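Chemist: Have a look at this prediction, sequence included:
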Amino acid sequence: MKGNIEMREKKPADEQRKRPLTPKRKQQSRREFLRATALTAGVVGVSLLGFVPVMQGNALRLRPPGALKTPEDEQQFFAACIKCGQCVQVCPVEAIELADLPDGFGIGLPYIDAREQACDFSCDGLQCVLACPTGALTHDLDYPADTRMGFARLARPKACLAMQGKGFKGQARGPDYKGLLRYEEIDRWTPIPVSEHPYDLAICDLCVRQCPIEIRIIQCEAAASEKRRQQVDRVAQKVGNECPPKHAITLAPVDLGDGIQRMKPIVQEGCVGCGVCEMICPVESAAILVDLDENADTVKGG
Amino acid sequence: MRYIRDSLVQVFGYKISRPGKDRQSPEVRAIYEGKKGKLSKADVEAVRHAHKGTFLNKWQKRRWATLILVNLLFVASFYYDVQLVEGSLTGARVIGFHFADLNAALQIALAYKHIVLNLVIGTVTVFLMWLLLGGRTFCSWVCPYHLLSEWGEYLHLWLVKKKFIKNHTFSRKVRSVFYVIFALLALLTGYTVFETISPTGILSRALIYGPGIALVWVGLLLLFEVFYSRRAWCRYVCPIGVTYGMVGVFSPVRVKYNAEACHHEGDCRKACLVPHVLDLTIRGGAVDVNQDVTSDCTRCGMCVDVCPTDSLTYEIKGLSKMLK
């Protein structure tokens, strides 16, 4: 078919050649060709600059649940994402943002700045995963506990209030903090600003108390004990499957021999890396962080 | 058949040679012969003057309104959370139905090397939509960069008229080169390289999710178009236009040229984003009395607005005949 086009095209072109091109026309087409070459080099060059931040690892970020990636390699996620932002639109706590030009090829890719606003799974149904039109947020996972976004780490143990044996009273992140969390005891359906929910804790346990995985486990345990009392039907038992199989973070007493009652947050195998602990940590800057180069699976493997 | 061939030839940046006399129908030859010596310059000027409209012409008005409305729908849907048109121009859900930009979907298919069902549904939907509406219609009726570029074009033309700058043209074949390069880059690197610099995606996201540094790139493109080369991105680079140009080959929505009353004064070609598609309006350029403009045309209607003799009109193949 294509060869056919060229053959048919050639005939009249030959006819035209009888009239030789004027030197001016010749020069014009030579210039057009040179300009086109420069344009190609320029535009392709600029587009390939997008490789730089990716190679340097500067485009590596905390991605929404289900992102097609391994801790080291986000290439599949970059390839599959259509950069439409539908995940941004469905998130009830507006945790997801789209990356900008400095991320190179990562432009338009969704990410989460945990310290600003972490994913607290308050949509319950992994809405971003459901919204994704390309499967860049893979539909393979069903429950928050299946997520592998990263892995939390007590990065600055000395700054941790619990490690100092201190309590916490007041607004976790101050009065001007815009971040939202869902407090089920207040409103099951609508997340509220953290600043509207002051705490009064004898010993600070915010990272454990607000961990979505831990909250779910407590709910499951409560439901289980209720069930034992009431013998609930099989459907309800099935719902129990969404109960996280493992703890994500726990507090353990530490004794430094100075008589102060200290507690240490210990990140457990069930941590999904959602970033709520990093978000809620009341010290500046956060004592606990989410690492991107690790997740529950790699931690288990190593 | 000839329409498909001519369309693809032009979409990929090649020239359609002027038809020889033997290829023209006797009717159109008679029209050309009949016009010889009949058109005095004063007559043509008089008709042009009588036709001269206001700044915003009929189709331009409708097109700008449509373009702004479509993009505003995206913005308002997110802002007021009404879930009418979720997402952005690269991928959207319209009242729950998946829509995927054909070029973005192609880049992903090449980079990701898997086909996702939702993406297939969205791509087929959009393919059928533009098949009906005319392929590159997307460019001039939806693409937000087109509107900015169109405004930049006015500035460019004014600067050229005042002789402050000169317009520089490129070989149009460079479009095909870009198309192949960006396809290969997606395939080989596994990254959707073109999306990084696509002003369509950048602007759509900036409108919906807020502005960012990427707008600097869009600004540079505009400056390049204003000061160096008229509509350079749309004419010579953008692979989205090529993708939709191919879809438009089968579209019934076209601009039709009728040679009978045409003065061949070339106002249409001066207004056109892709003037090579209007080469048939040059005297002796048409093969038949009625001939459709190829699918590289963005159906923007500038020529329809500007033509003093109504020789260029919109038509819906099949439907126009039935309506008559």
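Modeler: Sure, I can see it. No experiment lies behind these values; they were computed from the predicted model shown. Residues are numbered from 1 along each chain as shown, chains lettered A, B, ... in the order given.
Chemist: B:Val287 contacts B:Val28, correct?
Modeler: Yes - counting by C-beta atoms under 8 Å, B:Val287 does reach B:Val28; the two are 7.0 Å apart. The C-beta positions use only the backbone N, C-alpha and C, and glycine is treated the same way.
Chemist: Would you agree B:Tyr257 falls within a strand?
Modeler: Yes - checked against DSSP: H, G, I helix; E, B strand; the rest coil, B:Tyr257 lies within a strand.
Chemist: these two touch, right, it and B:Val287?
Modeler: No - judged on C-beta under 8 Å, B:Tyr257 makes no contact with B:Val287 at a distance of 10.5 Å.
Chemist: more neighbours, these two?
Modeler: Using other C-beta atoms under 10 Å in any protein chain shown, the more surrounded residue of B:Tyr257 and B:Val287 is B:Tyr257, with 25 against 17.
Chemist: show me the contacts for that one.
Modeler: By C-beta atoms under 8 Å, 6 or more residues apart in numbering or on different chains, B:Tyr257 lies in contact with B:278, B:280-281, B:286, B:290-293, B:311-312.
Chemist: Could you do A:Leu154 as well?
Modeler: Contact analysis of A:Leu154 by C-beta under 8 Å, 6+ apart lists A:160, A:264-267, A:287-288.
Chemist: Tell me how far it lies from chain B.
Modeler: From A:Leu154 across to chain B, the span is 34 Å (C-beta to the nearest C-beta, to the nearest Å).
Chemist: Show me where chain B has its strands.
Modeler: B:85-87, B:91-94, B:97-100, B:253-258, B:290-292, B:312-316 (DSSP state E).
Chemist: need those strands in a markdown table with mean pLDDT, can you?
Modeler: Output for the strands of chain B, formatted as a markdown table (pLDDT from 0 to 100):
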| stretch | mean pLDDT |
| --- | --- |
| strand B:85-87 | 92 |
| strand B:91-94 | 92 |
| strand B:97-100 | 93 |
| strand B:253-258 | 94 |
| strand B:290-292 | 93 |
| strand B:312-316 | 92 |
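Chemist: Packing partners of the helix ranked longest in chain A?
Modeler: Longest helix of chain A, by residue count under DSSP state H: helix A:23-48. Helices and strands touching helix A:23-48, by 3 or more C-beta pairs under 8 Å, 6 or more residues apart in numbering or on different chains; DSSP states H and E, are helix B:174-189, helix B:193-197.
Chemist: Burial-wise, tell me which of those comes out on top.
Modeler: Among these, ranked by average contacts under mean count of other C-beta atoms under 10 Å in any protein chain shown, first place goes to helix B:193-197 (a mean of 26).
Chemist: How far away from the center of its chain is that one?
Modeler: Taking C-alpha atoms, centre = their mean, to the nearest Å, the mean C-alpha location of helix B:193-197 is offset from the chain mean by 20 Å.
Chemist: can you check stretch B:12-31 too?
Modeler: 23 Å.
Chemist: quick one: that stretch near chain A?
Modeler: Yes - counting by C-beta under 8 Å from any C-beta of the partner chain, chain A is contacted by stretch B:12-31 at B:14, B:16-20, B:23.
Chemist: In chain A, what residue comes closest to chain B?
Modeler: Going by C-beta to the nearest C-beta, chain B is nearest to A:Cys84 of chain A, at 3.4 Å.
Chemist: Please name the residues that touch that residue.
Modeler: A:Cys84 touches A:133, B:87-88, B:90-92, counting by C-beta under 8 Å, 6+ apart.
Chemist: Among the residues you listed, which pair sits farthest apart?
Modeler: Farthest pair in the contacts of A:Cys84 (C-beta to C-beta) is A:Pro133 and B:Ser88. Separation: 11.1 Å.
Chemist: neighbour-wise, which of the two wins?
Modeler: A count of neighbours by other C-beta under 10 Å puts B:Ser88 above the other of A:Pro133 and B:Ser88, at 32 against 28.
Chemist: ok now do the nearest residue to that one once chain neighbours are set aside, which residues does it touch?
Modeler: Nearest non-adjacent residue to B:Ser88, counting by C-beta to C-beta, 6 or more residues apart in numbering or on different chains: B:Ser204, 4.3 Å away. Listed by C-beta under 8 Å, 6+ apart, the contact set of B:Ser204 reads B:71, B:74, B:88-90, B:144.
Chemist: do A:Leu21 as well
Modeler: A:Ser29.
Chemist: Per-residue confidence, it, what does it come out as?
Modeler: As predicted, A:Leu21 sits at a pLDDT of 75.
Chemist: swap in A:Ala13?
Modeler: Note on A:Ala13: pLDDT of 45.
Chemist: Verify the stated contact: A:Gln75 with B:Tyr191.
Modeler: Yes - in this structure, A:Gln75 is within contact of B:Tyr191 by C-beta under 8 Å, at 7.2 Å.
Chemist: Settle it for me: which of these two has more neighbours?
Modeler: When A:Gln75 and B:Tyr191 are compared for neighbours, B:Tyr191 comes out ahead with 24 against 18, by other C-beta under 10 Å.
Chemist: Pull the contacting residues for the more buried one.
Modeler: For B:Tyr191, the contact set (C-beta under 8 Å, 6+ apart) comprises A:50-51, A:54, A:75, A:78-79, A:105, B:111, B:185.
Chemist: Tell me where the stretch 201-302 of chain A has helices.
Modeler: A:206-209, A:212-230, A:234-239, A:276-280, A:296-301 (DSSP state H, counting those that start in this stretch).
Chemist: so can I have CSV of those showing mean pLDDT, mean neighbour count and distance to B:Leu155?
Modeler: As requested, those are exported to CSV (pLDDT from 0 to 100; neighbours: other C-beta atoms under 10 Å in any protein chain shown; distance: least, C-beta to C-beta, whole Å):
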stretch, mean pLDDT, mean neighbour count, distance to B:Leu155
helix A:206-209, 96, 22, 56
helix A:212-230, 84, 15, 53
helix A:234-239, 48, 10, 62
helix A:276-280, 97, 29, 47
helix A:296-301, 78, 14, 55
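Chemist: what about these, which gets the closest to B:Gly212?
Modeler: In terms of C-beta to C-beta, the element of those nearest to B:Gly212 is helix A:276-280, at 23.1 Å.
Chemist: mind listing what the residue most central in space within chain A touches?
Modeler: The residue lying closest to the centre of chain A (C-alpha atoms, centre = their mean) is A:Arg63, at 2.3 Å. For A:Arg63, the contact set (C-beta under 8 Å, 6+ apart) comprises A:69, A:74, A:77, A:109-112, A:149.
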